[in-house]
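Participant: Give me coordinates for this.
(2 chains)
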Amino acid sequence: MKLIDKLYKDAPLATRNEITPKLGFLLTILLALAWLIPFLWMGVATLRPASDGINLMAELMPSLKPTLDNIKDAWEIGDFPRYFLNTTIICTGILLVQFVTITLAGFAFARLDFAGKTVIFYLFLMQLMLVPVLLIVPNLRLVAQLGLYDTLAGVMMPFFASAFGTFLMRQAFEAIPTELEDAALIDGASLIQRIRHIYIPLSIPSFSAFAIISVTSHWNDFLWPLMVINSPDKRPLTVGLSVFTATAEGTQAWGTIAAGTLMVIAPLLITFLIFQKRFISSFVTSGIK
Amino acid sequence: MSLAEPAALPVAAAAPPRLHIATRFSARLKASLPAYLLLLPSLIFLALFTYGAMGRVLIDALYQRATPKAPLRFVGLDNIAAVLADPAFTGAVVNNLIYAVGTAVPSIGLALLFALALARTNAVTSALRAALFLPVLIPMVAASALFLFIFLPNVGLLDYYIGRLLPVLPNWLGDPDIALYAIMIITIWKNAGYYMLFFLAGLQAVPEDVMEAAYLDGAGPYHRLRHIILPELKPTFLFVTVIATLNAVTQVDHVFVMTKGGPSNATNLVLFYIYQQAVEHYDIGMASAATLLTLAALMVLTALSFRTMANREGGA
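Facilitator: Model prediction:
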């Protein structure tokens, strides 16, 4: 309780002697530690030598003779560089097209007046609820009809338009003073020039928030790429990891599974730890829609 | 939520009185052309993958193929009837309801606890927030790979540390009575940190002077929570509940990796059922009928939540 008291020294005066908030805080500390256990096990098991045997596999105390063999094995069994490349292509492709679609649509909603604006706005709004993952059956048929079955483009296409991104950019553009645009208008700048030189540069924070949300969610996508992709060499990380896990599970190679999982989640986790604040604020924005 | 502004109507007085209504309409359309061009790229993809997809689900649900090679046959509502009569589907709906409530309530409760405990910002609370947020970032497939071992009978993490206290070790994922609850744990672990963020944001809206007044009046922690904080967090609760429900219907990656809906359909959720019908049984009619029912349920839910939000706004 000493530690808790110390952590509570900046609490409002009146609450310093209350016991309930401190108990809640203590419980949260314990749960936060419990939340980390799967990650802890992943790290320990990755470095555990196979000679420790299956009985010590669950031991959270690290082995005294750590080894990189599991990482080597995982690297050889799964084609992780290829999965990594595919996921990167998918996320980048989606994001680049989204940047174009959400900028144009966001600008139209923020600054232009047109017939049917309300109706079209609601058409966008509804996409937030009709999550693409529910429409996998018709979308798979469409992707097949377009000749994009088993292609990375087929994985990307349903996400090219983003209602959330459009609303985010609409909000960002609305916050930009119209005087700036008026000045450019007087100078004879075209619509696209005004978007390109005024609206986009002033909305970089919104673009980067959107990029974080978009990349995180498509990096983690599983069901849709699982359905679209057939060839092993086109699998993204998630599908690759599930196949890899299923294979290694049969041989009880839990150290290898831990190593494979670590390789898949490390890039996002490291990026998060570096840009923690940006990530958290982007995720909060994503909810405010 | 006042996202939409009604498009301004053309000012009647400005238009010449004799002008034919169609001409005026086409003038208005012409003025709207730049906006339509800007919206076109988004609208094409929305038309293909959201609204077109809904239309195709509607049509596909009315047709049936006897065998994968047989021609399409119009069957009307037979597919819907067949889905509703399929015990696997009704079982999946029941599972999904249990799963939705059983994941939403604990994860929202935990999220509130976390947010209340970590509302002040210092090095310790930031680290704890990060720890609780980490699961949000990793793919569900990766979480499943880790939890496969946690739940592994006899040698897994749970049995190794906690199972020894129990007289009989349960087979967490192999027992039909337990498996659904086991996969709920993953979802709670994965989502609580996400919902925490919204409560943290919501807590910032609690007026500080009201809180201070409550301290001075000697209101205890329970009264402050019950009478000041919770009322202030109502919109957050509503929003997070909608998100949690959507998640319960759309996140099924762990079912694929860990249980494939088994044992004996105990962890079969609606989206997994749809996938099975489409990809394993090649029955597009059944899959579309099930999709249609799910979409209808979600749209009712959406309408209800919008109404609640609109009512709240109207009252304010």
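
Participant: going forward, measure contacts between C-alpha atoms and count neighbours the same way
Facilitator: Noted.

Participant: Quick one: residues contacting the residue of the stretch 151-289 of chain A found nearest chain B.
Facilitator: For the stretch 151-289 of chain A and chain B, the shortest gap (C-alpha to the nearest C-alpha) falls at residue A:220, measuring 4.4 Å. Residues near residue A:220 by C-alpha atoms under 8 Å, 6 or more residues apart in numbering or on different chains: A:238, B:138, B:139, B:140, B:141.

Participant: which of these lies closest to residue B:210?
Facilitator: residue B:138 (38.9 Å; C-alpha to C-alpha).

Participant: Not counting sequence-adjacent ones, nearest residue to the closest one?
Facilitator: residue A:265 (5.9 Å; C-alpha to C-alpha, 6 or more residues apart in numbering or on different chains).

Participant: Residue B:196 too?
Facilitator: Per C-alpha to C-alpha, 6+ apart, closest to residue B:196 is residue B:111, 4.2 Å.

Participant: That neighbour against residue B:201, yeah?
Facilitator: No: assessed by C-alpha atoms under 8 Å, residue B:111 is found out of contact with residue B:201, at 11.9 Å.

Participant: Comparing these two, which shows the higher neighbour count?
Facilitator: Neighbour comparison, residue B:111 and residue B:201: the larger count goes to residue B:111, with 26 against 18 (by other C-alpha atoms under 10 Å in any protein chain shown).

Participant: buried sites along the helix or strand hosting the more buried one?
Facilitator: Secondary structure from DSSP states H and E places residue B:111 in helix B:87-117. Neighbour-count burial for helix B:87-117, counted by 16 or more other C-alpha atoms under 10 Å in any protein chain shown, picks out B:88-89, B:91-93, B:95-104, B:106-108, B:110-117.

Participant: Is chain B within reach of stretch A:199-212?
Facilitator: No: counting by C-alpha under 8 Å from any C-alpha of the partner chain, chain B has no neighbours in stretch A:199-212; the shortest distance is 10.7 Å.

Participant: what sits up against that stretch?
Facilitator: Contact partners of stretch A:199-212, identified using C-alpha under 8 Å, 6+ apart, comprise A:95, A:99, A:103, A:165, A:168-169, A:172-173, A:176, A:278-279, A:281-283, A:285-286.

Participant: Repeat the analysis, applying 6 Å as the threshold.
Facilitator: Stretch A:199-212 is contacted from outside by residue A:282, using C-alpha atoms under 6 Å, 6 or more residues apart in numbering or on different chains.

Participant: From residue B:132, how far out is residue A:206?
Facilitator: To residue B:132, residue A:206 is 25 Å away according to C-alpha to C-alpha, to the nearest Å.

Participant: Neighbour count: the two, which is higher?
Facilitator: A count of neighbours by other C-alpha under 10 Å puts residue B:132 above the other of residue A:206 and residue B:132, at 27 against 20.

Participant: Report the secondary structure element holding that one.
Facilitator: Short version, using DSSP H and E: residue B:132 is in helix B:123-137.

Participant: which bits of the stretch 1-150 of chain A sit near chain B?
Facilitator: Contacts of the stretch 1-150 of chain A with chain B, taken as C-alpha under 6 Å from any C-alpha of the partner chain, map to A:14, A:25, A:28, A:32, A:58, A:101, A:104-105, A:108, A:114, A:117-118, A:138.

Participant: Can you select the buried ones from these in ChimeraX?
Facilitator: Burial among the residues of the stretch 1-150 of chain A next to chain B is assessed by 16+ other C-alpha under 10 Å; the matching ChimeraX selection reads:
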select /A:25,28,32,58,101,104,105,108,114,117,118,138
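
Participant: okay, now the residue of the stretch 51-200 of chain B found nearest chain A: neighbour count?
Facilitator: Of all residues in the stretch 51-200 of chain B, the one sitting closest to chain A is residue B:139 (4.4 Å; C-alpha to the nearest C-alpha). Using other C-alpha under 10 Å, residue B:139 is surrounded by 27 other residues.

Participant: Tell me the spacing between the nearest residue to it once chain neighbours are set aside and residue B:186.
Facilitator: What sits nearest to residue B:139 in space, not counting adjacent residues and going by C-alpha to C-alpha, 6+ apart, is residue A:220, at 4.4 Å. Distance, residue A:220 to residue B:186, by C-alpha to C-alpha: 15 Å.

Participant: Please apply the same query to residue A:193.
Facilitator: From residue A:193 across to residue B:186, the span is 49 Å (C-alpha to C-alpha).

Participant: right, and the helix or strand after the top helix by length along chain A?
Facilitator: When chain A is parsed with DSSP state H, its longest helix is helix A:80-111. Using DSSP H and E, the helix or strand that follows helix A:80-111 towards the C-terminus is helix A:117-127.
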